[in-house]
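**Q** Need a 3D model of the following:
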Amino acid sequence: MEVFYYSEGDNVIHSRFWMSSGGWGNSGVDKAIQAAPGTHIEGISRESSHMEIFYVGTNGNRMHSYTTNSGSNWVIDQDFVDGAWEADKQGFRRSYQK
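**A** Prediction:
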């Protein structure tokens, strides 16, 4: 199990993981360094060695960070959907300019 959280003040998404043999651990790997303040984090695992997270970046775009090798290496801050997105308590909403 892995839990992701936003670190206010530095725009970083971190994680903690649980292993039955050793309890909670910290990988020391930042999962994102351009997360918008207060962003909502969505995560999914399609296979046992894959993990993906989605969030709003400081550029207003929907962002994506992922690993395909059990968390050893992360590809971070990839644009997933361009445009102005804002984090809210229910997840994400599109920002429309008038």
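
**Q** C-alpha only now, for contacts and for neighbours.
**A** Noted.

**Q** can you pull the pLDDT of residue 1?
**A** At residue 1, the model reports a pLDDT of 82.

**Q** Count the neighbours of it for me.
**A** Residues lying near residue 1 (other Cα atoms under 10 Å) number 8.

**Q** Distance of residue 78 relative to residue 40?
**A** Distance, residue 78 to residue 40, using Cα to Cα, to the nearest Å: 16 Å.

**Q** So which of these two has more stuff around it?
**A** The neighbour comparison of residue 78 against residue 40 (other Cα under 10 Å) goes to residue 40, with 19 against 16.

**Q** Which residue lies nearest the spatial centre of the protein?
**A** residue 53 (4.1 Å; Cα atoms, centre = their mean).

**Q** where's that one relative to residue 61, distance?
**A** In terms of Cα to Cα, residue 53 sits 14 Å off from residue 61.

**Q** Ok, residue 3 next?
**A** 23 Å.

**Q** So between those two, which is more surrounded?
**A** The residue with more neighbours, out of residue 3 and residue 61 and counting by other Cα under 10 Å, is residue 61; that gives 21 against 10.

**Q** isn't the more buried one right next to residue 77, touching?
**A** No: using Cα atoms under 8 Å, residue 61 makes no contact with residue 77, being 10.0 Å away.

**Q** thinking again about what came up before, three-state assignment of the residue nearest to the centre of the chain?
**A** strand (DSSP: H, G, I helix; E, B strand; the rest coil).

**Q** in terms of contact, does it touch residue 46 like I think?
**A** No: between residue 53 and residue 46 there is no contact under Cα under 8 Å: 11.5 Å.

**Q** on that earlier part again, where does the residue nearest to the centre of the chain land on pLDDT?
**A** For residue 53, the pLDDT comes out at 91.
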